[in-house]
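Student: below: sequence and its predicted model.
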Amino acid sequence: MTTSEPAAAVLSRPLLGLGRQQLETWAELQGQPAFRGRQLHDWLYAKGARSLDQITVLPRAWRQQLAAAPPTGAADWIGRSREVHRSVARDGTTKLLLATADGHTIETVGIPAEGRLTVCVSSQVGCPMACRFCATGKGGLQRSLAVHEIVDQVLSVREAMDARPSHVVFMGMGEPLLNSEAVLAAIDCLCTDLGMAQRQITVSTVGVPQTLPRLAELALERLGRAQFTLAVSLHAPDQRLREELIPTAHAYPIGELLADCRRYVAITGRRVSFEYILLGGLNDQPRHAEALARLIRGFQSHVNLIPYNPIAEEEFKRPTPAAVEAFRHALQQCRIAVSVRASRGLDADAACGQLRRRLEASLEPAPAGRS
């Protein structure tokens, strides 16, 4: 979100995602005093307004005028998505299914823990990466999300759970590096307008050729610094197994991916976190851990182990607790910093994309001749 953005661009999109100065400019372009923009900023981000009607400090005649002519392609000026389903697990993990203005659905998840609330946000509707263990990739990619649709997910979780989010992870539906402009603009908004710190934000990628160095450069250009955490999903210690799990990985050999990770570290000065989904009996043995350690040796890095959450379309198995511990221990023996992500919300369609696919399937019409 640049302050030099053309006026036509500011006037043609929803208000959510615009900063204080952009909102002041927007108000002035509408023939209103600049302080109306500051009022909008307060109601959008502090109060979480969902419609202009809720912003009662604005003149009624102006609100009615705006409501009659929403921005192109949007339902209204605010840009909030509509909650269509909520699933709450016994541990408090809350998954929301949100409907966008054009009728697509996206998932976001609020994960509570002692002293923190993490929001897992989506960056696209669906995903083109086709990871076999991920429910999102089964339906392909519909489109990328706009800035307001990303920021809305954080506000929706805040509203649903009545708590202020402390961390945001771009680990929901989609590949963030295929929507890096909107992702970085959303990070800017989360930090500048919602008061979060970049260090509380993680961007996760499965790896897209020639995007990591560009992400580093864009972050420095747009944000002034790149302090968010980059998490690279490896899921395998060699190219053959990685291609088996992630078919699109054939276009991005693991050696080239790690070379780009090193370039990212050199540009930003930030370490890379590696994510590794443990699939029972497939990639969860100590020998896999030792091979992974050899692969990433020399990085200032951290490995985040993720026990697999089963989905109906695949026969992958969840690893045993003993296998998870043996893998973790093997990495530690190789002096690799490692942690195990606690499984949350297993009773509430925990796997990414699972809730969306289940509910969409339930709405599909029955085949002819069947009730």
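Tutor: All right, it came through fine. Numbering: from 1, shown residues only.
Student: which phi and psi does Gly207 have?
Tutor: Backbone torsions for Gly207, taken as degrees, to the nearest 10, come to phi 110, psi 120.
Student: surely it touches Tyr252?
Tutor: Yes: if you go by C-beta atoms under 8 Å, Gly207 and Tyr252 touch, sitting 5.2 Å apart. From N, CA and C alone the C-beta is placed, and that goes for glycine too.
Student: ok, these two, which is more surrounded?
Tutor: Just comparing Gly207 and Tyr252: by other C-beta atoms under 10 Å the higher neighbour count belongs to Gly207, 25 against 20.
Student: which ones are touching that one?
Tutor: 232-233, 249, 252, 257 (C-beta atoms under 8 Å, 6 or more residues apart in numbering).
Student: which positions within the host helix or strand of Ile150 qualify as buried?
Tutor: If you go by DSSP states H and E, Ile150 is part of helix 147-161. By 16 or more other C-beta atoms under 10 Å, the buried positions in helix 147-161 come out as 147-158, 160-161.
Student: can you tell me the strand partners of the next helix or strand after that helix and which way each runs?
Tutor: Using DSSP H and E, the next helix or strand after helix 147-161 towards the C-terminus is strand 167-170. Here strand 167-170 has these sheet partners by DSSP bridges: strand 116-120 (parallel), strand 201-205 (parallel).
Student: what's the next secondary structure element after the last one?
Tutor: Per DSSP H and E, strand 201-205 leads on to helix 212-223 as the next helix or strand towards the C-terminus.
Student: now that following helix: buried residues?
Tutor: In terms of neighbour count (16+ other C-beta under 10 Å), helix 212-223 has its buried residues at 212-213, 215-216, 218-219, 222-223.
Student: start to end distance for stretch 65-84?
Tutor: 28 Å (C-alpha to C-alpha, to the nearest Å).
Student: ok, stretch 63-81 next?
Tutor: Note: stretch 63-81 ends 20 Å apart using C-alpha to C-alpha.
Student: where do the strands of this protein begin and end?
Tutor: Assigned by DSSP state E, the chain shows strands spanning 82-88, 94-99, 105-113, 116-120, 124-126, 141-144, 167-170, 201-205, 229-233, 272-278, 301-307, 338-340.
Student: contacts for the last one?
Tutor: Among residues not part of strand 338-340, those counted as contacts by C-beta under 8 Å, 6+ apart are 302-307, 324, 328, 331-332.
Student: turn the residues you listed into TSV, including distance to Cys120 and pLDDT.
Tutor: Putting the contacts of strand 338-340 into TSV (distance: C-beta to C-beta, whole Å; pLDDT from 0 to 100) gives the following:
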residue	distance to Cys120	pLDDT
His302	19	93
Val303	19	97
Asn304	14	97
Leu305	17	98
Ile306	12	96
Pro307	16	95
Val324	21	98
Arg328	23	98
Leu331	24	97
Gln332	27	97
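Student: turn these into CSV, columns for neighbour count and distance to Leu279.
Tutor: Below are the contacts of strand 338-340 laid out as CSV (neighbours: other C-beta atoms under 10 Å; distance: C-beta to C-beta, whole Å):
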residue, neighbour count, distance to Leu279
His302, 17, 21
Val303, 23, 15
Asn304, 18, 15
Leu305, 21, 11
Ile306, 20, 10
Pro307, 21, 9
Val324, 19, 11
Arg328, 18, 15
Leu331, 22, 16
Gln332, 14, 21
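Student: shouldn't Val203 be in contact with Gly174?
Tutor: No: between Val203 and Gly174 there is no contact under C-beta under 8 Å: 11.5 Å.
Student: looking at those two, which is more packed in?
Tutor: Gly174 (30 against 23).
Student: what residues are bridge-paired with the nearest residue to the more buried one once chain neighbours are set aside?
Tutor: In space, and not counting its chain neighbours, Gly174 is closest to Gln124: 2.6 Å by C-beta to C-beta, 6 or more residues apart in numbering. Counting by DSSP bridges, Gln124 is bridged to Ser144.
Student: use 427 as the first number from now on
Tutor: Okay, using 427 as the starting number, the last item reads as Gln550.
Student: report the beta-bridge partners for the residue nearest in space to the middle of the chain.
Tutor: Central residue check for the chain by C-alpha atoms, centre = their mean: the C-alpha nearest the mean position is that of Phe596, 2.5 Å away. For Phe596, the beta-bridge partners under DSSP bridges are Val629.
Student: and it, how far is that from Leu656?
Tutor: According to C-beta to C-beta, to the nearest Å, Phe596 and Leu656 sit 10 Å apart.
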